[in-house]
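Q: Fold the following.
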Amino acid sequence: MMSRRFPEAAAVGVGGFVRDDTPTEQVDRREAVVASLAGTVRDLVDATIRTTLGDAELHRIRDDLAAVVDRLRAGQLPGPAGIRYNSERRSWNWGNAVMGAANALAPPLDVVHDASGCHADVDLGAAYEGPPGLVHGGVSAMLLDHIMGETASAMRRTTFTGTLTTRYRRGTPLGPLRLEASIVREEGRKVFVAGSIADADGVTVEAEGVFIQPAGAPAADG
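A: Just a heads-up that it's a prediction; the model follows:
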């Protein structure tokens, strides 16, 4: 393990999984740091969308940010972040498009597993707008794909999206939303999952999906 930087490039394993024996305590500490940075960048994205400053000031801010980017580029992974894991079965996927701790494009989504499946609360701002004041339909589908995949992959098994069918019942407003998903049934390596997005007035989007366990993969781990 490298002590000066966290962690330098490790050999990428099959399918983007990387064995990285950084101790869990250090992973947790680093995750808090990168999540804090990503949160500030997320605020920057929102501020950039909604700013009314003049052109000259925006050019100055752009130049300042370009210098910050150069500082961050001084230490970089050589490719995608992938999914890393250590011998303590701690895994981290900080580049994930939906819940990556280091990814400012990812909404701050914290998936909770419960007896019926999974749920999550999220507050979507200006960066996720499609129609005026409403969440982009592709963002809704992405969020549902993720939480439904999390549900299908419960019990430490691996599944991949086979099909995802969405029904947009009405526009999903920006702001606080509730995501829910549950397993409907299982047939061999196929896991059938239902999911929804709702605001304070009820469901806005529904989805059905089929998630498939890779051939040869165990049905569950542990």
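
Q: residues contacting the residue lying closest to Tyr85 once chain neighbours are set aside?
A: Nearest non-adjacent residue to Tyr85, counting by Cβ to Cβ, 6 or more residues apart in numbering: Ser91, 4.2 Å away. The way it works is simple: take the backbone N, C-alpha and C, and place the C-beta from them, glycine included. Going by Cβ atoms under 8 Å, 6 or more residues apart in numbering, Ser91 touches Ile83, Arg84, Tyr85.

Q: Ok, Tyr128 next?
A: Pro107, Val135, His136, Val139, Leu174.

Q: Could you pull up phi and psi at the residue nearest to Tyr85?
A: With angles defined as degrees, to the nearest 10, Ser91 sits at phi -120, psi 160.

Q: One more: Arg89?
A: With angles defined as degrees, to the nearest 10, Arg89 sits at phi 70, psi 20.

Q: Can you give me the pLDDT of it?
A: Note on Arg89: pLDDT of 86.

Q: Measure how buried it is and give me the count.
A: 10 (other Cβ atoms under 10 Å).

Q: if I look at it, how far off is Arg19?
A: Arg89 sits 12 Å away from Arg19, going by Cβ to Cβ, to the nearest Å.

Q: Could you do Ala104 as well?
A: Taking Cβ to Cβ, one finds Ala104 at 27 Å from Arg19.

Q: Looking at those two, which is more packed in?
A: Neighbour count, other Cβ under 10 Å: between Ala104 and Arg19, Ala104 has more, with 18 against 12.

Q: Specify the local secondary structure of that one.
A: Classification of Ala104 by DSSP: H, G, I helix; E, B strand; the rest coil places it in coil.

Q: Excluding chain neighbours, give the residue nearest to it in space.
A: For Ala104, the closest residue by Cβ to Cβ, 6+ apart turns out to be Val41, at 3.6 Å.
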